[in-house]
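In: need coordinates for the following:
(2 chains, ligands or ions: 1)
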2 protein chains.
Amino acid sequence: MNEDAEMSAIVASGMTRFGKRKEDLLSLGGESALPILRKYRSDIDFLLVSNSYSGEFNSISGINTLLATYLSLDGVPSLRVDNTSGSGGTAIFLADMLIKSGQARAVLVTGLEKMSTMDTRHVTSVIASLLPEEERRQGPSLPSLAALLAQLYMRRYGASRESLAQVSVKNHRNGAANPYAHIQKEVTLEEVMQSPVVAEPLRQYEFSPISDGAASVLVVGDGDAESFTDRPVYIKAVSLASDSASVTARGDLMGLEAVRRAGRNAMRLSGISKPDFAELHDMATVLELVQMESLGLCEPGEAWKMVLEGETEVGGSMPVNTSGGLNSKGHPIGASGVAQVVEAFSQIRKECGGRQVKDARTGLCLSMSGFGNSAAVTVLGDEP
Amino acid sequence: MNEDAEMSAIVASGMTRFGKRKEDLLSLGGESALPILRKYRSDIDFLLVSNSYSGEFNSISGINTLLATYLSLDGVPSLRVDNTSGSGGTAIFLADMLIKSGQARAVLVTGLEKMSTMDTRHVTSVIASLLPEEERRQGPSLPSLAALLAQLYMRRYGASRESLAQVSVKNHRNGAANPYAHIQKEVTLEEVMQSPVVAEPLRQYEFSPISDGAASVLVVGDGDAESFTDRPVYIKAVSLASDSASVTARGDLMGLEAVRRAGRNAMRLSGISKPDFAELHDMATVLELVQMESLGLCEPGEAWKMVLEGETEVGGSMPVNTSGGLNSKGHPIGASGVAQVVEAFSQIRKECGGRQVKDARTGLCLSMSGFGNSAAVTVLGDEP
Ligand SMILES: [Ca+2]
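Out: From the prediction side, this is the model:
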């Protein structure tokens, strides 16, 4: 019997293009997993499915066994993990644990969601079902919370309105270089600032679109990794943390305590103090800025200046959301956190073409649920 | 830093009475967790929520962070695990792994479901959403699959019609002695045989009712267990296995391959060849019989005779479903598998009053999803 793995590693990945897709939920999952299955089907001994809303959006339950059967992985144990928009990062946390505890040797993680079955109003209402009932009754949705946060951020740090919009410009530029992104189109600062107001002051181009899509990775133990690929990417740490589900009960809307704690813990465990790039959870532009600060990627109040100075661009000192982020790549809830890890895997393997970060050896992914209700931070690197 | 636990143990439990409850989903979860929180709130460092249908039945998502906040466990990492009716056993599998991998020291597992928000027809249709679309279109629901299995079982083994109904008589007798059971009422063989036909030949009293309810356990490492209680119950093994989600694709409806494999694996890992009692997934009477055989608790074709001979009664040689089982205790989907473990905990601690199995030292719980799509088998015992 082998020793338990000390660390897990990603050895293969796949994803669909995000966007409004005509395929059904299982087909999307299958499309994302296909490149992995083609080479490693017989190695897979666990299937983790990251999905939040198959019941609400697709009238499907038991998605994990349905997907296993669809993928011809009958007999492979499976489960569905849900942590709303942080489901993907939570699935990576479980995959890492399955490998390190010796319960599995090769875990297929597939994140998937198909949201375009419903109109925007209905989707927003379904997602607002993660808020405590008292708060839901007062009417705040995630977009309105983001708007409050934007006002607070600008006031507290003197951040310019344009710095927020510039996050969208950057992320759309990155998304235009990502063949898997939903919105493969650049936008100008003017276009962002002239798009319709969603929640004052934030505008349409500053929010993630409603997307369908799926992303998959294959996770194995460090001892096995090189038998799968000559360029494994190691999961150096994953940490999961939570905050109050009641946003109004938190001391400071800008606190994002779950993000802060998951980040600090993952950095400490990985021994990496500053990653070469980061994929953040930019459901709204302002969140990317606040998350950079919560994670210690810069000092408090500095993120907006870094954006204006181009430091978070692909060629900057701290590239953020090279994939296009949720903002341009799209945000199929259960798939997003897995897709972030797909991007990190590709960056560290130098497979990102026009959006490749030079010398990318370590990366950080933040998968967040609700409005910081929970956060999973994964740190990846090219050596164990 | 402490060594990782070699084994996990249950040190506290709680549950609501199952049934049609006026309380909402979070209140039920809270009621089940209260006896644990009262003593051990500050020890808890992970919350696993077992729930399948909060979206469909209660229009709630993000149930894990909502419950954490409701329980004043803000800051405790959490996730929702779903494996339809096998969710509870799957949550125990994850809790055991969290403890043994050192990711957590004290995991609160809460299974909960509130189904009485919908009528029977609607509930059946929601649950049928776990079947592959092709099969769903042909119309089979889980009750009609159980009816097919009953016909097959009787034909193949010459089992009497009464032996199936007798499972219901036994389970209702046990449930009548369980203050947490939904149907706390004995039924006679005649009453079972005269209840309305649901799917020929099976009748209403042979199916689990639609119930609301919640169940909780606290899981810690073997090294810590005795600091929590002087009578811990050890999780000697948990095993998860899957089968095709397509029932028609399986070679033999009676095969229940996932049950067979999870059972064999859990027995082997636990070193226990025959437990002192078993909690099985009797969504329909015939399933209890077929599961006994799949798990090797008796020879194929013998379970129906054991029931008629009283061997599966509380005082028999292999007591099955002393809690009343799904049939009488009720089956709130996400709660059921956790409630089985609550019963095993109580049996092994000799706290079961009128339904106490004499000298119960080891027990087996089978939590099954769909129609054997997946199975989690947990073996528990009074020593590590
Ligand atoms: Ca270990």
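In: CA only for contacts and neighbour counts going forward, please
Out: Will do.
In: list the beta-bridge partners for the residue of the stretch 151-300 of chain A found nearest the ion.
Out: Here the residue of the stretch 151-300 of chain A nearest the ion is residue A:221; by Cα to the ion that distance is 12.4 Å. Beta-bridge partners recorded for residue A:221 (DSSP bridges): residue A:8.
In: ok, it - contacts?
Out: A:5, A:6, A:7, A:8, A:9, A:99, A:100, A:105, A:106 (Cα atoms under 8 Å, 6 or more residues apart in numbering or on different chains).
In: farthest-separated two in those residues?
Out: Put simply, by Cα to Cα the two of the contacts of residue A:221 set farthest apart are A:6 and A:106, 14.4 Å from each other.
In: which of those two has more residues huddled nearby?
Out: Comparing residue A:6 with residue A:106 by other Cα atoms under 10 Å in any protein chain shown, the one with more neighbours is residue A:106, at 27 against 15.
In: what sits against the spatially most central residue of chain A?
Out: When Cα atoms, centre = their mean is applied to chain A, the residue found nearest the centroid is residue A:337 (3.0 Å). Listed by Cα under 8 Å, 6+ apart, the contact partners of residue A:337 are A:85, A:86, A:87, A:88, A:89, A:111, A:365, A:366, A:367.
In: in CSV, list these along with secondary structure.
Out: Shown next, in CSV, are those (DSSP: H, G, I helix; E, B strand; the rest coil):
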residue, secondary structure
A:85, strand
A:86, coil
A:87, helix
A:88, helix
A:89, helix
A:111, strand
A:365, strand
A:366, strand
A:367, strand
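In: by neighbours, which of the residues you listed wins?
Out: Top of these by neighbour count (other Cα under 10 Å): residue A:88, with 38 neighbours.
In: right, and that residue touches residue A:95 too?
Out: No - with contact defined as Cα atoms under 8 Å, residue A:88 does not reach residue A:95; the gap is 10.5 Å.
In: what distance do you get for the residue of the stretch 151-300 of chain A closest to the ion to residue A:105?
Out: 7 Å (Cα to Cα, to the nearest Å).
In: hmm, back to that, return only those of the contacts of residue A:337 found close to chain B.
Out: Filtering those for proximity to chain B (criterion: Cα under 8 Å from any Cα of the partner chain) leaves nothing.
In: looking at these, which is nearest residue B:15?
Out: Of all the contacts of residue A:337, residue B:15 sits closest to residue A:87, with 27.5 Å by Cα to Cα.
In: and the closest one, what does it touch?
Out: A:50, A:51, A:52, A:81, A:111, A:333, A:334, A:335, A:337, A:367, A:369.
In: ok, the fourth one - contacts?
Out: Listed by Cα under 8 Å, 6+ apart, the contact set of residue A:81 reads A:48, A:49, A:50, A:51, A:52, A:87, A:90, A:91, B:79, B:80, B:81, B:82.
In: look up phi and psi at residue A:374.
Out: phi -160, psi 150 (degrees, to the nearest 10).
In: run through the bridge partners of it.
Out: What pairs with residue A:374, by the bridge criterion (DSSP bridges), is residue A:242, residue A:369.
In: the nearest residue to residue A:41 once chain neighbours are set aside: neighbouring residues, count only.
Out: Nearest residue to residue A:41, sequence neighbours excluded (Cα to Cα, 6 or more residues apart in numbering or on different chains): residue A:73, at 7.7 Å. Residue A:73: 23 surrounding residues under other Cα under 10 Å.
In: secondary structure class for residue A:73?
Out: Reduced to three states by three-state DSSP, residue A:73 is coil.
In: for it, grab phi and psi.
Out: Backbone phi and psi, for residue A:73 under degrees, to the nearest 10, turn out to be phi -110, psi 30.
In: what distance do you get for it to residue A:33?
Out: 11 Å.
In: go on, residue A:326?
Out: Residue A:326 is 21 Å from residue A:33, by Cα to Cα.
In: what do you get for residue A:292?
Out: 31 Å.
In: of the two, which one has the most company?
Out: Set residue A:292 next to residue A:33 and count neighbours by other Cα under 10 Å: residue A:33 wins out with 27 against 24.
In: correct me if wrong: the more buried one contacts residue A:213.
Out: No - using Cα under 8 Å as the test, residue A:33 is too far from residue A:213 to be in contact (11.7 Å).
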